[in-house]
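Colleague: what's the 3D shape of this:
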Amino acid sequence: MSASSSPHRELKVNVAAMRGHRERIDVRSPSEFAIDHLPDAASHPVLGDAERAHVGTMHAQDSAFAARRTGAAIVARNIAAMLEGAFARKPHDWAPLVYCWRGGQRSRSLAHILNEIGWRAVQLEGGYRAYRRHVVAQLQTQPGRFRYKVVCGLTGSGKSRLIAALAAVGAQVLDLEGLARHRGSLLGDLPGDPQPSQKSFESALLATLDDFDPARPVYVESESKKIGRLQIPEALLAAMRAAEGIRIELPQPLRVELLKGEYAHFLADHGALAARLLRLVPLHGKSTVERWTDAAKAGDWDTLVGELLLLHYDPAYTRSIGRNFPRIADAISVSPFAVTEGAFQALARELDAPVPVSSSI
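Modeller: Got it, this is the predicted structure:
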């Protein structure tokens with residue numbers, strides 16, 4: 001098929017215009033895709049990791065010509081597999097956005113063939129590199145567009161449950177721990193669900209902010225600078241720390257009950273819990289941590305959780321919240337009637353209820 005017979009002129013769009021293209025194809029290698037990618041992008045590499053390494057070695061050790069010839073053959077085979085497989089049933093009006101690292105040969109190859117067939121593929125100008133610069137720039141300004149309500153409370157008071165309940169009743173929620181896949185504490189990593197990369201976390205964060213309405217409040221849980229190993233962007237952290245607060249208060253027996261439910265995986269594996277508790281030896285001493293480890297082995301969870309709250313989590317949280325959230329003293333205080341889903345949803349509906357507009361006669 002000649003270039004002159006192409007039904008569509010090959011198109012490029014910049015990062016600012018990419019929101020109009022919801023179907024996105026990432027042609028980079030799987031390892032590049034795993035680190036980060038555009039929201040909702042599908043991975044269809046024109047060169048796999050081993051193939052890319054092989055072509056790169058040829059370029060360094062043989063010649064650029066030999067590398068291009070070999071790379072073109074591999075790319076052609078991989079695109080043919082896509083056309084016969086993943087793209088075989090795409091409709092005639094399919095218009096995907098195609099991108100690679102910097103908007104070069106890898107994405108151009110696929111976009112050109114798709115357009116020659118009759119689809120209206122567009123190439124992202126500047127590729128992922130331009131998108132990444134966009135994310136970094138936007139996260140310096142975008143968080144300041146919103147009015148936040150920061151959910152505070154001692155460990156086990158149900159902050160994450162209230163955030164989930166607010167989302168369930170239709171409130172605007174920025175679930176940072178959900179995006180980071182971590183509960184933000186010593187025991188906070190989720191079994192079988194590793195944290196994303198910092199770049200991927202920031203991409204997901206910006207995509208969430210982009211969908212918010214600045215006229216409505218955004219509920220977010222109080223956090224320190226890091227959630228697990230991930231850093232919260234400075235502009236967002238500053239906006240959160242200047243926000244009004246909502247403080248959950250829950251009696252300690254209910255806090256213990258809630259934590260036993262949320263950390264059931266540690267209750268089932270006291271060995272893994274004991275290994276984590278060893279990290280607290282510098283803070284609380286060997287004898288105290290041994291007492292906690294013995295309680296875990298004996299299944300005395302009420303004693304263990306109660307002491308961890310009293311001696312470790314509560315003092316640390318109290319120091320941190322007072323230092324980082326200066327408006328906490330003025331926060332409204334709320335208390336769910338139980339730690340059930342229904343109790344937190346009732347509280348969420350009460351908190352996010354529209355404020356009645358007074359009318360004069």
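
Colleague: Ends of stretch 41-52, what's the gap?
Modeller: End-to-end span of stretch 41-52 (C-alpha to C-alpha, to the nearest Å): 20 Å.

Colleague: can you list contacts of that stretch?
Modeller: 23-31, 33, 37, 55, 71, 74-75, 78-79, 82, 86, 99-100, 106, 109-110 (C-beta atoms under 8 Å, 6 or more residues apart in numbering). To be clear about C-beta, it is placed using only N, CA and C from the backbone, and glycine gets the same treatment.

Colleague: Write a ChimeraX command that selects only the buried members of the residues you listed.
Modeller: Entered in ChimeraX, the line below selects the buried ones among those, by 16 or more other C-beta atoms under 10 Å:
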select :24,25,26,27,28,29,33,37,55,71,74,75,78,79,82,99,100,106,109,110
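
Colleague: Just the ones in helices from the contacts of stretch 41-52, please.
Modeller: When helices are assigned by DSSP state H, the members of the contacts of stretch 41-52 inside them are 30-31, 33, 55, 71, 74-75, 78-79, 82, 106, 109-110.

Colleague: Name the nearest of the residues you listed relative to Leu205.
Modeller: Set against Leu205, the nearest of the ones in helices among the contacts of stretch 41-52 by C-beta to C-beta is Phe33 (18.5 Å).

Colleague: I'd like the distance between the closest residue to the closest one other than its chain neighbours and Ile227.
Modeller: Using C-beta to C-beta, 6 or more residues apart in numbering and skipping residues adjacent in sequence, the residue nearest Phe33 is Ser43, 4.4 Å away. Ser43 sits 26 Å away from Ile227 when distances are taken as C-beta to C-beta, to the nearest Å.

Colleague: higher neighbour count, these two?
Modeller: Neighbours around Ser43 and Ile227, counted as other C-beta atoms under 10 Å, are more numerous at Ile227. The numbers are 22 against 14.

Colleague: Double-check the more buried one against Asp175; I have them as touching.
Modeller: No - here Ile227 does not reach Asp175: they are 10.8 Å apart, not a contact under C-beta atoms under 8 Å.

Colleague: Between the two ends of stretch 39-59, what distance do you get?
Modeller: Using C-alpha to C-alpha, one end of stretch 39-59 lies 32 Å from the other.

Colleague: Likewise for stretch 89-98?
Modeller: End-to-end distance for stretch 89-98, by C-alpha to C-alpha: 18 Å.

Colleague: Now do that stretch: everything it contacts.
Modeller: Applying C-beta under 8 Å, 6+ apart, the external contacts of stretch 89-98 come out as 13, 18, 21, 23-25, 27, 38, 87, 107, 110-111, 114, 118-124.

Colleague: Quick one: mean pLDDT for that stretch?
Modeller: Mean pLDDT, computed over stretch 89-98, is 96.

Colleague: buried stuff in that stretch?
Modeller: Buried residues in stretch 89-98, defined by neighbour count with 16+ other C-beta under 10 Å: Ala95, Pro96, Leu97, Val98.

Colleague: got it, and stretch 11-19?
Modeller: For stretch 11-19, burial by neighbour count (16+ other C-beta under 10 Å) applies to Val13, Val15, Met18.

Colleague: Same check on stretch 311-327?
Modeller: Across stretch 311-327, burial judged by 16+ other C-beta under 10 Å covers His312, Tyr313, Asp314, Tyr317, Ile321, Phe325.

Colleague: which strands and helices sit next to the helix or strand of the chain with the lowest mean pLDDT?
Modeller: Least confident helix or strand of the chain, by mean pLDDT, DSSP states H and E, is helix 264-267 with a mean of 73. Applying 3 or more C-beta pairs under 8 Å, 6 or more residues apart in numbering; DSSP states H and E, one finds that helix 264-267 makes contact with helix 270-277.

Colleague: Centre of the chain to the helix it packs on, how far?
Modeller: 27 Å (C-alpha atoms, centre = their mean, to the nearest Å).

Colleague: Other residues contacting it?
Modeller: The set of residues external to helix 270-277 that reach it, using C-beta under 8 Å, 6+ apart, is Leu186, Leu187, Phe266, Leu267, Val289, Trp292, Thr293, Ala296, Lys297, Gly299.

Colleague: Likewise for stretch 310-326?
Modeller: With contact meaning C-beta under 8 Å, 6+ apart, stretch 310-326 is reached by 150, 152, 154-156, 185, 222, 224, 240-241, 245, 280, 283-284, 288, 328.
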